[in-house]
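Novice: here is the input, now give the coordinates:
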Amino acid sequence: MKALVIARLTFREALQRKLIWGVLVLSLLFVGLYAFGFHLLVREWDDMQAGQGARNQLMTYDIFASAMVMLGLYTVNFLTGIMTIFAAVGAIASEIDSGTLHAIVPKPLARWEVVLGKYLGFAAMLTAYVAVMVSSVVVTARLVGDYTPPNILTGMLLIILVSMVLLSLTMLGSTLFSTIANGVIVFMLYGMAMTGGLVEQIGTALSNQTMINIGVATSLVLPSDSMWRLASYVVQPRIAINFTGPNPLGTTVPPSETAVLYAVAYCLVLLLGAMLAFRYRDL
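Specialist: Next comes the predicted model:
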C-alpha cells in the first residue's frame, strides 16, 4: 500500500525536525524533575508519619500519590498536544508552498494516499511518544513512590485518542489553510477546549447548569479535553476522586462511552474531510 510508504517517510522526516528533538529534550527534563518531585513527596510523607507517631492508612497515601500521577499524566497530555499541533501543522500546506507535492502527486499515487500516509506516520510517532512518557510516569510512581495507578492502559489509550483528535483537526486545517493560519486556529481551539473543560468543572462544583452546558458545547467542537478528563478519571482510585472533587486535572463526572465513540467518529470524519479537501485543492 503506497500510503504506508508515505507513512514511513513521514515518520522519519518528523524525527529529523529540531522541534521534535526539542520536545524530547524537554520531556526528558520533565521526567527527571518529576522523579525528584515524587521523591520529595515520599520523604515529606514519611516525615509527617514519623512526627505523628503512627502511620496513616495506605488509602490516605494513595490520595497524594494519585495526585502526583495525575500531575505527571496531565503534563504528558499537554506536551503531546503541543507536539501534535506543531509537528503536523504544515503536513500538507508547507509542502504545497515549497513545491514538494508537485513532484509527488503526478506519480501513480492518489491524493488520499498522501493524506492517509502522513496521518499514519504522525500517528505512529505520537503513539510511541505517549507510550514512553506514560510508562515513565508509571515506572517513577512505582519505583519512587511504591504506587501503581489503576487502569493505566485504558488511560494511556485515551491520551493517545486525544492526540489523534488533534492530529485529525490539524491535518484537515493543513489542507484548507496556510501553515501559520492553521497553527493559530488549531492552537486556539485546543486552548478553548481546555478552558471549556475547566468551566464545566467549576459548573459541576457550583451546580451551575449553564457553565456545564458551555463545557459540553466545547467538547462537541473539539473533544480533546473530554477524553483527557475521562483518562484522568479511570486512572484514579475512587477515594482520591471523592477527596479532591472537581479540579483542573480531573473530574468527578466522567464523559460517557458515547463521548468516546463521538471522539473516534470525529477523528474519522475529519480525516475523510482532509482527504476530500486535498483532492480538490489546487497545487
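
Novice: where does the chain have its least confident helix or strand?
Specialist: Scoring the helices and strands of the chain by mean pLDDT, DSSP states H and E places helix 100-104 at the bottom, with a mean of 62.

Novice: need the contact list for Gln236.
Specialist: 66, 69-70, 149-150, 250 (CB atoms under 8 Å, 6 or more residues apart in numbering). C-beta coordinates here come from the backbone N, C-alpha and C atoms, glycine included.

Novice: that one belongs to a helix?
Specialist: No. Applying DSSP: H, G, I helix; E, B strand; the rest coil, one finds Gln236 to be coil, outside a helix.

Novice: most surrounded residue in the contacts of Gln236?
Specialist: Highest neighbour count within those, by other CB atoms under 10 Å: Val69, with 27 neighbours.

Novice: so is that one in a helix, a strand, or just coil?
Specialist: Applying three-state DSSP: Val69 is helix.

Novice: enumerate every residue touching it.
Specialist: So Val69 contacts 137-138, 141, 147, 149, 235-236 (CB under 8 Å, 6+ apart).

Novice: keep only those of those residues that are in helices.
Specialist: 137-138, 141 (DSSP state H).

Novice: tell me which of those is nearest to Asp62?
Specialist: Ala141 (10.9 Å; CB to CB).

Novice: which pLDDT value goes with that closest one?
Specialist: Ala141 is assigned 95 on the pLDDT scale.

Novice: helices of the stretch 1-150 of the chain, residue ranges please.
Specialist: 2-15, 18-52, 58-88, 93-98, 100-104, 111-145 (DSSP state H, counting those that start in this stretch).

Novice: wait, I meant the stretch 151-283 of the chain
Specialist: According to DSSP H, counting those that start in this stretch, the helices that the stretch 151-283 of the chain contains are 152-176, 179-206, 209-221, 224-234, 238-244, 257-279.

Novice: and stretch 191-198, what's buried?
Specialist: Using 16 or more other CB atoms under 10 Å as the test for burial, stretch 191-198 gives 193-194, 196-198.

Novice: which among the residues you listed gets closest to Ala265?
Specialist: Using CB to CB, Ala193 comes nearest to Ala265 of the buried residues of stretch 191-198, at 16.8 Å.

Novice: now the closest one: how far from Tyr147?
Specialist: Distance of Ala193 to Tyr147, computed by CB to CB, to the nearest Å: 30 Å.

Novice: just Val139 next, same as before
Specialist: 11 Å.

Novice: so what's the residue lying closest to Val134 once chain neighbours are set aside up against?
Specialist: Closest residue to Val134 apart from its sequence neighbours, by CB to CB, 6 or more residues apart in numbering: Met156 at 4.5 Å. Taking CB under 8 Å, 6+ apart, we find Met156 in contact with 130-131, 134, 231.

Novice: those residues: which two are farthest apart?
Specialist: Ala131 and Ala231 (13.9 Å).

Novice: these two: who's more crowded?
Specialist: Ala231 (29 against 14).

Novice: relative to Thr204, how far out is the more buried one?
Specialist: Ala231 is 17 Å from Thr204, by CB to CB.

Novice: circling back to that earlier point, so which of the helices of the stretch 151-283 of the chain is nearest Lys18?
Specialist: Comparing the helices of the stretch 151-283 of the chain by CB to CB, helix 179-206 comes nearest, at 16.0 Å.

Novice: list the buried ones in the closest one?
Specialist: Of the residues in helix 179-206, those buried by neighbour count under the rule 16+ other CB under 10 Å are 179, 182-183, 185-187, 189-190, 193-194, 196-204.

Novice: nearest spatial neighbour of Thr75, skipping sequence neighbours?
Specialist: Nearest to Thr75 is Phe30, by CB to CB, 6+ apart, at 6.1 Å.

Novice: burial measure for the one you found, as a count.
Specialist: When neighbours are counted by other CB under 10 Å, Phe30 comes out with 17.

Novice: ok, it touching Phe78?
Specialist: No. Judged on CB atoms under 8 Å, Phe30 makes no contact with Phe78 at a distance of 10.3 Å.

Novice: perfect, I'm done here.
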